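Engineer: any chance you could fold what I've pasted below:
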Amino acid sequence: MKRVLITGAAGFLGSHLCDRFIKDGYYVIGMDNLITGDLKNIEHLFHLKQFEFHHHDVCNFVHVSGELDFILHFASPASPIDYLKIPIQTLKVSSVGTLNLLGLAKQKNARILVASTSEIYGDPLVHPQNEEYYGNVSSIGPRGVYDEAKRFMESLTMAYHRYHGLDTRIVRIFNTYGPRMRLNDGRVVPAFMGQALRGEDITVFGDGSQTRSFCYIDDQVEGIYRLLMSDCSDPVNIGNPHETTILEFALEIIKLTGTQQKIIFKPLPQDDPLQRQPDITKAKEILDWEPKVHRTEGLKIVFDYFKSLSPDELQKKEHRDFSSKA
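Structural biologist: Numbers count the residues shown, from 1 in each chain. Now for the predicted structure:
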C-alpha cells in the first residue's frame, strides 16, 4: 500500500484529497495544526486502518515514520479573512513549512506536490492568466503575505528540483468551491450563501465588475491528482476558465436560494484582483484535464450542504482566536 502525507488535511481542499487517496487505496497520513482546519472535515476517516492523523504545525520539524511515496503540501490559510489576521503564520507555513517538507521529501525520496495559487498573478495585466505570466503583485501590500509566500514556495520548490533533483510538482489553484467550505471564511461563495441563509443583504465589494472563475471541488481534486501522477515539474493552472462578474454571481445566488436579499456595495479591499481567469491550455495538453461540473450543478450541491448546517454554525462569525498566533 503506497503512503501519502497530506498537510492541511483538515481543511477544505486537504480533506477532499484525503478522501480521494483513501478511495484509491493509499495509506493516508493527515497533518494539520487546526488553525483554520476543522477535525469534523475528516472525522469520517478516523475509524479506517489506512488513515492516521497528526496534530502538528509543519513550521516545526516534521517527522513521519516509515516510507513515503508522495507528499502533498496544502497547509496554509487560504482566504483573506484568515491570512490578514495571521499574516506571519501565513508567511511561515509557505516558507519554513515548505522548507521542512522539501527536506522530508528529500530524506524519504518522495515526490512532493505543493499547493500554489492564482494569487501569485496578483492583480493581473494579462488576461486570462497563463503559467508564463510573472504576475503583478505588491510585496508590501496587505495581501502580499499570502501572494509572496506562495511565490517563494514556488521558487524554493524549483530550487530543490534543480539542485537536489527532487521530484516536484506545483499546482496553481484558482477559485474552488464545494462542501466543507467555512461559511465565515470570507470567500465569495460561502459569504453570499451565508448571507442569503441568514436573511442578510448580499455584500458586493466595489461595483461588482471584478471577475472570478469558480471550479467545483471534484474537478479540482481530479486535476491535482493527474498533475501529481504526471511528469510535469513546471507550474500548472488548475481551475475553471468560465468567468463571471461578482455582481452576476450575486444575482445567481439570489436566484438559487430563492431569497429576496438586496445587493449592497462596499469599497473594494486594497490590492483585490479585478480579473481572475485561468488559461488551462497546459492542463488540457499535459494532463488531459478540464472541469466537468457546471456551476449551476455545483452551487446547488454546496447550497444543500450549507442548509444542512446547525443554526449555531450558520451564525458563527469567528473560526478561531488568532490573537496569539505568530
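Engineer: what helix or strand is Met153 on?
Structural biologist: helix 144-164 (DSSP states H and E).
Engineer: next structured bit after that helix?
Structural biologist: strand 168-173.
Engineer: chain center to that following strand: distance?
Structural biologist: Centroid separation for strand 168-173 versus its chain: 12 Å, with C-alpha atoms, centre = their mean, to the nearest Å.
Engineer: stretch 97-116 now?
Structural biologist: 18 Å.
Engineer: if you count neighbours, what's buried in it?
Structural biologist: By neighbour count with 16 or more other C-beta atoms under 10 Å, stretch 97-116 contains the buried residues 97-102, 104-105, 108, 110-116. All C-beta atoms are positioned from the backbone trio N, CA, C, and that covers glycine.
Engineer: for the helix holding Met153, packing partners?
Structural biologist: helix 80-83, helix 87-108, strand 111-117, strand 168-173 (3 or more C-beta pairs under 8 Å, 6 or more residues apart in numbering; DSSP states H and E).
Engineer: can you map out the strands along the stretch 201-326 of the chain?
Structural biologist: 202-205, 211-213, 215-216, 236-238, 243-245, 263-266 (DSSP state E, counting those that start in this stretch).
Engineer: tell me which of these sits most buried.
Structural biologist: strand 236-238 (a mean of 26; mean count of other C-beta atoms under 10 Å).
Engineer: so where is the stretch 101-250 of the chain shaky, pLDDT-wise?
Structural biologist: Counting by pLDDT under 70, the stretch 101-250 of the chain contains no low-confidence range.
Engineer: sorry, back to before: Leu299: which of the strands of the stretch 201-326 of the chain is closest?
Structural biologist: Taking C-beta to C-beta, strand 215-216 is the member of the strands of the stretch 201-326 of the chain nearest to Leu299, at 8.7 Å.
Engineer: run the chain-centre distance for that closest one.
Structural biologist: 11 Å.
Engineer: picking that back up, to Pro179, which of the strands of the stretch 201-326 of the chain lies closest?
Structural biologist: Here strand 215-216 is closest among the strands of the stretch 201-326 of the chain (C-beta to C-beta), at 10.1 Å.
Engineer: who does the closest one pair up with?
Structural biologist: strand 176-177 (parallel) (DSSP bridges).
Engineer: quick one: contacts of the partner strand?
Structural biologist: Contacting residues not belonging to strand 176-177 are listed as 12-13, 187, 189-190, 214-217, 220, 239, 298-299, 302 [C-beta atoms under 8 Å, 6 or more residues apart in numbering].
Engineer: can you say which of the residues you listed are buried?
Structural biologist: Buried subset of the contacts of strand 176-177 (neighbour count, 16+ other C-beta under 10 Å): 12-13, 187, 189-190, 214-217, 220, 239, 298-299, 302.
Engineer: switch these over to TSV; also include distance to Leu68.
Structural biologist: Shown next, in TSV, are the buried ones among the contacts of strand 176-177 (distance: C-beta to C-beta, whole Å):
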residue	distance to Leu68
Phe12	23
Leu13	20
Arg187	31
Val189	33
Pro190	33
Phe214	33
Cys215	28
Tyr216	29
Ile217	25
Gln220	23
Gly239	28
Gly298	33
Leu299	37
Val302	33
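Engineer: what's the closest of those to Val62?
Structural biologist: Nearest member of the buried ones among the contacts of strand 176-177 to Val62, counting by C-beta to C-beta, is Leu13, at 19.2 Å.
Engineer: now for the closest one: which residues touch it?
Structural biologist: 74, 78, 115, 173, 176, 217, 220-221 are the contacts of Leu13 under C-beta under 8 Å, 6+ apart.
Engineer: in those, find the pair that's most separated.
Structural biologist: Ala78 and Val221 (15.0 Å).
Engineer: which residues does stretch 217-228 contact?
Structural biologist: 12-13, 16-17, 20, 70, 72, 111, 113, 169, 171, 173, 176-180, 236, 238-240, 283, 287-289, 291-293.
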